[in-house]
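**Q** Pasting the sequence and the predicted coordinates here, then a few questions.
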Amino acid sequence: MENTFGAKRQSTTFKLPINRHKYAVIGLGSFGSTVAVELEQLGNEVLGIDTNESLVSHLADQLSHVAVADAKDERVLRDLGLPDYDGVVIAMGRDLEASILCTLAMKNVGVGKVWVKASTPAHHLILEKLGADRIVNPEYHVGVHVARTMIYPHVLDYIALGDNDYIVEFDVPKELNNKRLNELSLRERYRIEVLAFKRGDKVSTAVSAEFLVSQGDRLILLGSITALRAFSRDQL
């Protein structure tokens with residue numbers, strides 16, 4: 001889940017994927033190195049690339065492969081086998097020219113999925129025109145995250161399903177401690193469905209109307225963004 005709707009989520013231990021994928025991360029600054037290390041820890045084969053030798057050396061023991069290389073050079077990309085990778089993240093958001101040229105080179109050599117960090121609306125627009133498959137702006141998402149955390153502190157995470165429908169992870173506050181689900185009138189008042197709950201390390205989809213919630217439980221809710229906001233607001 002993209003964590004931009006509510007409070008910072010706690011760290012989670014993920015299971016490794018059955019199929020080991022190959023990813024490359026171009027630009028090993030703060031953002032790029034975080035993406036690269038996380039992809040590696042999730043069980044993938046990751047190649048980290050930067051022109052800064054010290055940044056590359058710093059991650060040499062944490063990634064499957066590293067390279068000091070110019071990712072704007074199509075010949076270099078082919079030599080490194082980038083067209084055969086499952087995806088590439090271009091994390092050079094501050095250097096607009098390098099980011100744009102690198103994106104163009106990736107598409108020219110046939111990289112299947114190209115994710116690019118953008119730093120300005122104009123940069124975002126150019127990347128769209130170049131055919132970037134996914135464009136991210138970490139600073140924007142952090143700003144949204146902070147604002148929404150202040151307004152909806154009980155919503156920890158969310159997934160947008162389209163047509164204004166969302167799935168959210170809701171942290172049960174003390175005001176709802178020892179209340180039954182049917183007392184919350186989620187379906188009747190808000191038209192919100194409870195998909196599952198989490199208590200400690202246990203997750204269950206067997207949720208009855210008589211289920212007694214406790215402070216600190218996590219409820220997985222499905223509903224329109226308007227209804228979910230109204231319910232969250234009512235708990236403040």
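**A** Arrived safely, thanks for sending. Numbers count the residues shown, from 1 in each chain.
**Q** In terms of residue numbering, what are the domains of the chain?
**A** 22-136, 143-234 (the TED database).
**Q** rank those domains by mean pLDDT and give me the bottom one.
**A** With a mean of 85, domain 143-234 has the lowest mean pLDDT of those.
**Q** re earlier: which of the domains of the chain sits most buried?
**A** Mean neighbour counts were taken over the domains of the chain using mean count of other C-beta atoms under 10 Å, and the top value, a mean of 18, falls to domain 22-136. For every residue, glycine as well, the C-beta is placed using N, CA and C.
**Q** Now the terminal residues of that one, how far apart.
**A** Its first and final residues considered, domain 22-136 spans 20 Å by C-alpha to C-alpha, to the nearest Å.
**Q** ok, now stretch 196-207?
**A** 6 Å.
**Q** gap between that stretch and the chain center?
**A** Centroid separation for stretch 196-207 versus its chain: 23 Å, with C-alpha atoms, centre = their mean, to the nearest Å.
**Q** Same check on stretch 187-199?
**A** Chain-centre distance of stretch 187-199: 24 Å, with C-alpha atoms, centre = their mean.
**Q** Need phi/psi at residue 95.
**A** Main-chain torsions, residue 95, degrees, to the nearest 10: phi -100, psi 90.
**Q** And it, how far from residue 120?
**A** For residue 95, the distance to residue 120 equals 12 Å [C-beta to C-beta, to the nearest Å].
**Q** Looking at the chain, name the residue that lies furthest from the middle.
**A** What lies farthest from the middle of the chain is residue 210; by C-alpha atoms, centre = their mean that is 34.2 Å.
**Q** Quick check: chain neighbours aside, which residue is closest to it?
**A** residue 180 (5.6 Å; C-beta to C-beta, 6 or more residues apart in numbering).
**Q** shouldn't that neighbour be in contact with residue 207?
**A** No - applying C-beta atoms under 8 Å, one finds residue 180 not in contact with residue 207, separated by 11.0 Å.
**Q** Give the intersection of the neighbour lists for these two.
**A** Common contacts of residue 180 and residue 207 (C-beta atoms under 8 Å, 6 or more residues apart in numbering): none found.
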